[in-house]
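J.: Build me a structure from this.
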Amino acid sequence: MTSSAPMPVAVMISGSGTNLQAILDAAAAGAIPIRVHAVLSDVPGAFGLERARQAGVAAECLPAADFADRHAFDQALGRRLEQLAPGLVVLAGFMRILSAPLVRAWAGRMLNIHPSLLPAYRGLHTHRRVLEAGERQHGTSVHFVTEELDGGPLIAQARLDIGPEDTETSLNQRIQALEHRLYPQVIGWFGAGRLRLGADGVELDGTPLTAPVVRDEAEMLRP
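T.: Got it, this is the predicted structure:
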């Protein structure tokens, strides 16, 4: 059953927050049935916090350096998320690996976006790595978060063809343009009650996904 009230969402960031901005814009336009309830960062001065404040959203920082170790940080973060009680936690450029207990606590209610066509090129420096490997396609993936780094059940992907003129910089720009369309869309599916992680995997509109929903660059960027 879906509710007429927008779903409260907590967004976690570490940097400039361009995906956050896309989510904020889509929510403000009424394009997706969610409201960003809070933005959390592990990095003081992350510009994404300013984006949140400009949108009238609570912005909080838990500086990782203030904690003795990863366990202490994750415990504090977990307590804060429990207090906020969002319907969904969205990782949008959050650069810390979360501990297994924290991830398990939000199983089926935490999403991440990664700049590659998962399961290929998990981890960092994906644009450089696909160029070095001579790949012809690249893209971005949205998945449910699990204990396996960049290994959770896939929901949707957007892909593009790599041209001979492409560089790390150009691929970064092209991938971000896709992310800014794809991530709000998937978050909207969850907020509308269309998307869930069931016992047998990802379900969209009540139907199990045997493969992620895939869109190409032209389709994603169509006005």
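J.: Please count neighbours and contacts with C-alpha atoms only from this point.
T.: Will do.
J.: Where is the longest helix in the chain?
T.: The helix spanning the most residues in the chain, taking DSSP state H as the definition, is helix 168-191.
J.: Which other helices and strands does it contact?
T.: Counting contacts by 3 or more CA pairs under 8 Å, 6 or more residues apart in numbering; DSSP states H and E, helix 168-191 is packed against helix 18-28, strand 34-41, helix 126-132, strand 137-144, strand 154-161, helix 217-220.
J.: Excluding chain neighbours, what is closest to P184?
T.: The shortest distance from P184 to any residue other than its chain neighbours is 5.2 Å, reached at I23 (CA to CA, 6 or more residues apart in numbering).
J.: Who are the contact partners of the one you found?
T.: Contact partners of I23, counting by CA atoms under 8 Å, 6 or more residues apart in numbering, are 180, 183-184.
J.: most surrounded residue in the residues you listed?
T.: Taking other CA atoms under 10 Å as the neighbour criterion, Y183 ranks highest of the contacts of I23 with 27 neighbours.
J.: and stretch 152-167, how far out from the chain's middle?
T.: Put simply, stretch 152-167 sits 15 Å off its chain's centre (CA atoms, centre = their mean, to the nearest Å).
J.: Quick check: what element follows the host helix or strand of A76 along the chain?
T.: When secondary structure is defined by DSSP states H and E, A76 falls within helix 70-84. Beyond helix 70-84 in the direction of the C-terminus, DSSP H and E gives the next helix or strand as strand 88-91.
J.: List of residues touching that following strand?
T.: Applying CA under 8 Å, 6+ apart, the set of residues contacting strand 88-91 from outside is 7-13, 106, 109-113.
J.: for stretch 198-217, same thing?
T.: By CA under 8 Å, 6+ apart, the list of residues contacting stretch 198-217 from outside reads 108, 153-160, 178, 194-197.
J.: Which two among those are spaced furthest apart?
T.: Considering CA to CA, no two members of these lie farther apart than G108 and L160, which are separated by 28.0 Å.
J.: was I right about G17 contacting G93?
T.: Yes - here G17 lies in contact with G93, judged by CA atoms under 8 Å, at a distance of 7.0 Å.
J.: what's around P6, how many residues?
T.: Counted with other CA under 10 Å, the neighbours of P6 add up to 18.
J.: Any idea how many residues pack against L171?
T.: Counted by other CA under 10 Å, the residues lying close to L171 total 24.
J.: I'd assumed R128 was in contact with it.
T.: No - L171 is beyond contact range of R128, at 9.0 Å (criterion: CA under 8 Å).
J.: How about A22: what's its closest non-neighbour residue?
T.: For A22, ignoring the flanking residues on the chain, the nearest one in space by CA to CA, 6+ apart is H180 at 5.4 Å.
J.: Report the contact partners of the one you found.
T.: When the contact criterion is CA under 8 Å, 6+ apart, the partners of H180 are 18-19, 22-23.
J.: now it: how far from A58?
T.: Remark: distance between H180 and A58 (CA to CA, to the nearest Å) = 21 Å.
J.: Also L118?
T.: Using CA to CA, one gets 32 Å for the distance from L118 to A58.
J.: Compute the number of surrounding residues for the closest residue in space to G108 that isn't next to it in sequence.
T.: Take G108 and drop its neighbours on the chain: the residue closest to it by CA to CA, 6+ apart is L197, 5.2 Å away. Other residues within reach of L197, judged by other CA under 10 Å, total 17.
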